[in-house]
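>>> The sequence and its predicted three-dimensional model are supplied below.
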Amino acid sequence: MGGAEITESQTKNYSQLWLRYRPAEGDMLKGYRAVIQQVCCLSRSFIIGNAAAELQQGLRVLTGNPVALVSRADRDGSVILGTLENVRSYLPEDRFASIQDLGPEGYLIGSISHEGKNATLITSCGDAGVLYGAFHFLRLMQTGKPIEGLWLRESPAAPLRMLNHWDDLNGYIERGYAGSSLWEWQNLPETVSPRYRDHARLCASLGINALVLNNVNADPRILRADYLEKVAVLAGIFREWGIQTYLSANFGAPMRPSDTPDKMKRWGGIGNLDTADPLDPQVEAWWTAKVNEIYALIPDFGGFLVKADSEGMPGPRKYKRSHLDGANMLARALKPQGGNLIWRAFVYGSSDDRARDAYDEFTPLDGKFLDNVILQIKNGPLDFQPCEPFTPLFGSMPKTRLSLEFQIAKEYLGHSSTAAYLGPMWHTILQTDTYAEGEGSSIARMLKGELQEHRIECIAGVTNTGDEPGWCGNALNPANWYAFGRLAWNPDLAPEVIAEEWTAMTFSCGADAQRIIREILLKSYDAVVNYSMPLGLNFLCDWNHYDPKPEMRAAYHHADTTGLGVNRTATGSKAVEQYHLERAAIWSDREKIPLQYLLWFHHVPWHDTLPTGRSLWTELKARYAAGVAVVDEMLAEWTKLEGELDPEIYKEEVAKFEEEKRLARKWSEACLKYFSQFAE
Ligand code: BDP
């Protein structure tokens, strides 16, 4: 059975992030000790073995008592683990059926009495569900909740909950701000870093069940036999935590290596063909053979993620073929092995308004993709901007399997320099009504499968992890990884609740200090939006996607003497018409649109009065000032934590806040100076 020992030093170590167990206190401790004596594992699966080892070690730290790992619940205080089949005799027959409804990854945590002995049962139809239940049980204690009289049933929203690593084979991470790649390709397959397992464990604790290992700007060599052997080792580790492995595939992979690689080094493959034309039978045969080779090594391989005909990546267009031709050809190759083909919808088109492009390109293809194709769509129409409305593709492709792509790495939100906690942003996207099936058609409901015709089956997060000891480049950034995973499981969780959980699980400081951290998190996102791109502005950044450069981005803000913002209404690019009527009506109306999207959809005269009673120009200045002020406030609040936290973490974060203060001023000054030439 898996599960390395959690040592004392690891529990003190922040690299364990939210799985850094620490002793419970006071009445809670008494309560926990009364309920927990031993872990009883009724299964022999690796996944459930990991669950049992995690519980045993976590409970030992939480209760301060030794916790035995046994295979019979022969005394009071057993935590019993097993699939529904394993635990059949512990459950009354009438309860049995209700658990079958929870699906393969759903679970029950129930306080039961069996042959006069009190126990806690953690069970599921599948192995992974038991693992998720074990982490949930631990989380209850990590957050100081009671564990008596439990009858908790949970199942995940989307079936596929994945992280996308944008890691290159040379260790560089595209848009990564936490060091180099976790994957040590040069040492694999022989040498296996313990962090692979740590990563899997952290992911599994959130219910993340798939990882794409490499950059969407894929190096074709990942599909070469030598790399596949390395991938197989990683896949073997992840499998034991209920995680399937996917790879990003380069569409040009069947071609010969190129002698004259293009500027981006993106064309030229690992095969021996002169073409990657999806309708050429040799090309399809190449992919089929490659897929079979992969499945021989990794029988539960998830499939490919493909970025094609976007930002210089090879694709079907060169051969005058469509996205459909490209995606379906790869899907045919994967289908017999049960693999998915995840095709990205991040494309640029020929319209004057980039925000229209993905919709215009993909909606005509609805219903034409094969059934193992999943179309992966970024949350906004453009590109991970600090505050974009949801993309109109959600709600417009009822006959296509869809994936929602968030970016956990903060490419446009200050990288790892800012505190920005993205829970509130994701919450807004998930809960805004698309009106796809009338009122109440939020993206969250699509993820939960509650709408008749619109379903989102996968949620993907471009991860913020790297090989730095703290994983995410900033002590507060793991909150975003955590929030992503929790929302993928349950998109209705409130950002406040998630922040509270994460803080309690991560930091061992007292209640007041925890409150300070939570408050910082909850105002951090609005702050960065306000000091960089408030009121629906976007893409005002320099090439590095960090510093401001509004003068370079006229196409995105349309500032001139008549006003500011992009007219996407019926009198402008008409992008608003891509939304359902009721949604379009609200966003078209300057009186009704939430101010956060105002300049996304409207070109507003500088001196028009907004619902706040201020003119646009005055409001804009106020927003920038407010953003800057909140960063000062966050730093002042953080300094109250001196002595409460690990001194290194404390100091590192002070330095981050200092950098964010500098960044906030730089943004505010540059943008206001630039806009003032039109506004004043
Ligand atoms: C953009 C990033 C670029 C990615 C691209 C993508 O700047 O590095 O390759 O998205 O999502 O935002 O493919």
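Thanks, I have the structure now.
>>> Tell me which other helices or strands the lengthiest helix in the chain touches.
Secondary structure of the chain per DSSP state H: the longest helix is helix 647-679. Judged by 3 or more Cβ pairs under 8 Å, 6 or more residues apart in numbering; DSSP states H and E, helix 647-679 is in contact with helix 511-532, helix 616-639. From N, CA and C alone the C-beta is placed, and that goes for glycine too.
>>> Of those helices, which stretch is the most buried?
helix 511-532 (a mean of 21; mean count of other Cβ atoms under 10 Å).
>>> Whichever helix or strand comes after it: how far from the chain's middle?
Following helix 511-532 in sequence order, the next helix or strand is helix 554-557 (DSSP states H and E). In terms of Cα atoms, centre = their mean, to the nearest Å, the centre of helix 554-557 is found 29 Å from the chain centre.
>>> Buried residues in helix 554-557, which are they?
Within helix 554-557, the residues that count as buried by 16 or more other Cβ atoms under 10 Å are Y556, H557.
>>> residue ranges with poor pLDDT in the chain?
1-13, 259-267 (pLDDT under 70).
>>> Spell out which residues of it are next to the ligand.
E174, R175, V216, N217, K307, E311, F346, D383, F384, E411 (Cβ under 6 Å from any ligand atom).
>>> so how many other residues sit close to the residue of the stretch 501-650 of the chain found nearest the ligand?
Nearest residue of the stretch 501-650 of the chain to the ligand, counting by Cβ to the nearest ligand atom: H545, 6.3 Å away. A count of neighbours around H545, defined by other Cβ atoms under 10 Å, yields 16.
>>> can you give me the helices for the stretch 51-200 of the chain?
With helices called from DSSP state H, counting those that start in this stretch, the stretch 51-200 of the chain shows them at 84-87, 93-100, 127-142, 194-206.
>>> Please render the ones you listed as CSV that adds mean neighbour count to the earlier fields.
Below are the helices of the stretch 51-200 of the chain laid out as CSV (neighbours: other Cβ atoms under 10 Å):
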stretch, mean neighbour count
helix 84-87, 18
helix 93-100, 11
helix 127-142, 24
helix 194-206, 21
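>>> These: which one's closest to E619?
helix 194-206 (38.3 Å; Cβ to Cβ).
>>> Which neighbouring elements make contact with the closest one?
If contacts are counted by 3+ Cβ pairs under 8 Å, 6+ apart, helix 194-206 sits against helix 46-63, helix 127-142, helix 225-239, helix 478-489.
>>> that older thread, need the helices and strands packed on helix 647-679 in TSV with distance to Q100, can you?
Shown next, in TSV, are the helices and strands packed on helix 647-679 (distance: least, Cβ to Cβ, whole Å):
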stretch	distance to Q100
helix 511-532	38
helix 616-639	48
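>>> Now do the closest residue to T245 other than its chain neighbours against D608, distance only.
When the adjacent residues along the chain are set aside, T245 lies closest to A235, with 3.9 Å between them (Cβ to Cβ, 6 or more residues apart in numbering). Going from A235 to D608 by Cβ to Cβ, to the nearest Å gives 57 Å.
>>> quick one, which of the two is more surrounded?
Between A235 and D608, counted using other Cβ under 10 Å, the more crowded position is A235 (24 against 13).
>>> isn't the more buried one right next to D300, touching?
Yes: using Cβ atoms under 8 Å, A235 is in contact with D300, at 7.5 Å.
>>> intersection of neighbour lists for these two?
Residues touching both A235 and D300 (Cβ atoms under 8 Å, 6 or more residues apart in numbering) are Q244, T245.
>>> quick one on the thing from earlier: how much does the longest helix of the chain deviate in direction from helix 511-532?
Counting by axes from the mean of the first three to the mean of the last three Cα atoms, to 10 degrees, helix 647-679 lies at 30 degrees to helix 511-532.
>>> quick one: helix 647-679 to chain centroid distance?
Remark: helix 647-679 is offset 26 Å from the chain centroid, using Cα atoms, centre = their mean.
>>> which parts of it are buried?
Across helix 647-679, burial judged by 16+ other Cβ under 10 Å covers 649-650, 653, 656-657, 659-661, 663-668, 670-672, 674-675, 679.
>>> Keeping just the C-alphas, turn stretch 565-575 into CSV.
Extracted C-alpha coordinates of stretch 565-575, given in CSV (Å, rounded to 0.1, in the frame of the first residue of the first chain):
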residue,chain,number,x,y,z
GLY,A,565,-14.1,51.6,-24.1
VAL,A,566,-15.1,49.2,-26.9
ASN,A,567,-18.5,49.4,-28.4
ARG,A,568,-19.6,45.8,-28.7
THR,A,569,-23.3,46.6,-28.8
ALA,A,570,-25.6,46.6,-31.9
THR,A,571,-24.1,49.9,-33.0
GLY,A,572,-20.5,48.6,-32.6
SER,A,573,-18.9,45.1,-33.2
LYS,A,574,-22.2,43.4,-32.1
ALA,A,575,-20.3,40.9,-30.0
